[in-house]
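1. could you look at this predicted model? Sequence included:
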Amino acid sequence: AAGVIQSPRHLIKEKRETATLKCYPISRHDTVYWYQQGPGQDPQFLISFYEKMQSDKGSIPDRFSAQQFSDYHSELNMSSLELGDSALYFCASSLGGQPQHFGDGTRLSIL
Amino acid sequence: AQSVTQLDSQVPVFEEAPVELRCNYSSSVSVYLFWYVQYPNQGLQLLLKYLSGSTLVKGINGFEAEFNKSQTSFHLRKPSVHISDTAEYFCAVSEKGSQGNLIFGKGTKLSVKP
């Protein structure tokens, strides 16, 4: 079965630009989570959605927003990008309960 | 709030030797516990999890972990490691009854040498 799919795998942007990261959960999974992993850091929880509604919020900057669509895929929108936003962004999905299945991440580099 | 402490940032071992990666957590409520493995430039793969029941949990690739409530620990063990086990290992906790977001430890880099 297909796992969690994230696109793009790599993204290069300049400061103050915007970026959109996409996440396609495993089929029938209803919950999506976003995490940010800075260089040499542990993953930090950003935000999650259950049945298209925001279910929890972590350390997500106000410049970022996210949503889950009717087909359960999710998008993380990032504006006014800063150098410190350079990181690996992971999406995970689950059927309710705990996140168990992670995508391979989107590596975002800000120049 | 929960927190996770992985006591060793790097663990070098020789192939076929046993290994233990330590994890301690703190929480004021009951938690679920997880170990994830991350290979270079890849996502996080679930090794094993403790939700309830038996405190000894067996996972993939020959790994196991034991939940010790009194010591608030969830150490990961493997009796004989392979070169292919070289990776970074993250211990994580989530609060029971929560929406499931994970709090991760800082990670332990396991290097297996021939």
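-> That came through, no problem.
2. contacting residues for the residue positioned nearest the centre of chain A?
-> In chain A, the residue lying closest to the centroid (Cα atoms, centre = their mean) is residue A:34, at 3.7 Å. For residue A:34, the contacting residues are A:23, A:45-48, A:60, A:66, A:74, A:76, A:89-91, by Cβ atoms under 8 Å, 6 or more residues apart in numbering or on different chains. Glycine gets a C-beta too; all of them are placed from N, C-alpha and C.
3. quick check: residues of chain A near chain B?
-> Counting by Cβ under 8 Å from any Cβ of the partner chain, chain A comes close to chain B at A:4, A:31, A:33, A:35, A:41-45, A:48, A:50, A:55-56, A:58, A:90, A:92, A:94, A:97-105.
4. emit the PyMOL select command for whichever of those residues are buried.
-> Entered in PyMOL, the line below selects the buried ones among the residues of chain A next to chain B, by 16 or more other Cβ atoms under 10 Å in any protein chain shown:
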select buried, chain A and resi 4+31+33+35+42+43+44+45+48+50+55+56+58+90+92+94+98+99+100+101+102+103+104+105
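5. let me see the ranges of the helices in chain B.
-> In chain B, no helices are found when defined by DSSP state H.
6. nearest residue to residue 104 other than its sequence neighbours?
-> Picked chain A for this. Nearest residue to residue A:104 in three dimensions, chain neighbours excluded: residue B:43, at 4.3 Å (Cβ to Cβ, 6 or more residues apart in numbering or on different chains).
7. chain B, not that one
-> The shortest distance from residue B:104 to any non-neighbouring residue, by Cβ to Cβ, 6+ apart, is to residue A:42 (4.0 Å).
8. next one: residue B:96
-> Nearest to residue B:96 is residue B:30, by Cβ to Cβ, 6+ apart, at 4.3 Å.
9. returning to what we had before: pairing partners for the residue nearest to the centre of chain A in the sheet, please.
-> Beta-bridge partners recorded for residue A:34 (DSSP bridges): residue A:47, residue A:91.
10. tell me the contacts of residue 93?
-> Chain wasn't specified; assuming chain A. A:4, A:23, A:25-26, A:29, A:31-33, A:99, A:101.
11. nope, chain B
-> With contacts defined as Cβ under 8 Å, 6+ apart, residue B:93 is in contact with B:2, B:4, B:25, B:27, B:31-34, B:102-103.
12. go again with 6 Å.
-> B:2, B:4, B:25, B:31, B:33, B:103 (Cβ atoms under 6 Å, 6 or more residues apart in numbering or on different chains).
13. on that earlier part again, go through the contacts of residue A:34 and say which is closest to residue B:110.
-> Within these, the smallest distance to residue B:110 is 20.2 Å, found for residue A:90 (Cβ to Cβ).
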